[in-house]
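A.B. asks: show me the folded form of this:
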Amino acid sequence: SSSSSSSSSSSPSLSSPGSSSSSLSFMIDHSVCNIQRRDTMTLEEFDHEYRNKKPVILRNVNNNEDFAKRVSLEALVEDYGSKTVVLSSSNTYSYDKSHMSLKEYIETVVDHGVSLRDEANTTFYMFGDN
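C.D. replies: Reported below is the predicted structural model:
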């Protein structure tokens, strides 16, 4: 989503090639990432070409209400809440793993968050082992 701020902030912003911005802008070199980008796609196309096969970057989907409903926390808990997820310690020097249901992870970590007082070796996140 593209939102603009009326305050004079010095934070960097991303802009498309060829566009200009008064704040610091970055050019994105798409040759570095070879993941295909799609603006539109049917569910059938996704199932046939991408599901469990290869990644895809979906662009311009911020107004897709059906997609938003499917990936809401409520829908994820309803559809996948009983699935076990692997969590990794946030401590750089620890390789500890923890297992819990997706529902439990969302209810304990996502909904309640972590604080700066939480020790890294007791804080676990989903990093991609799933």
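A.B. asks: I'd like the next helix or strand past the helix or strand where residue 104 lies.
C.D. replies: Per DSSP states H and E, residue 104 falls inside helix 102-105. As assigned by DSSP H and E, the chain's next helix or strand after helix 102-105 is strand 124-125.
A.B. asks: strand partners (parallel or antiparallel) of that following strand?
C.D. replies: Strand pairing for strand 124-125, determined by DSSP bridges: strand 84-89 (antiparallel).
A.B. asks: got the buried residues for the partner strand?
C.D. replies: 85, 87, 88, 89 (16 or more other CB atoms under 10 Å). Where you see a C-beta, it was placed from the backbone N, CA and C, and this is true even at glycine.
A.B. asks: so which of the residues you listed comes closest to residue 32?
C.D. replies: Relative to residue 32, the closest of those is residue 88; by CB to CB it sits at 26.0 Å.
A.B. asks: how near is that closest one to residue 114?
C.D. replies: Remark: distance between residue 88 and residue 114 (CB to CB, to the nearest Å) = 14 Å.
A.B. asks: and if you look at residue 95?
C.D. replies: 19 Å.
A.B. asks: related to what we said a few turns ago, which helices and strands does the helix holding residue 104 pack with?
C.D. replies: helix 73-80, strand 84-89 (3 or more CB pairs under 8 Å, 6 or more residues apart in numbering; DSSP states H and E).
A.B. asks: ok, residues contacting the first one?
C.D. replies: Spelled out, that is helix 73-80. 69, 102, 103, 106, 110, 111 (CB atoms under 8 Å, 6 or more residues apart in numbering).
A.B. asks: emit the PyMOL select command for whichever of the residues you listed are buried.
C.D. replies: Buried subset of the contacts of helix 73-80, written as a PyMOL selection, criterion 16+ other CB under 10 Å:
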select buried, resi 102+103+106
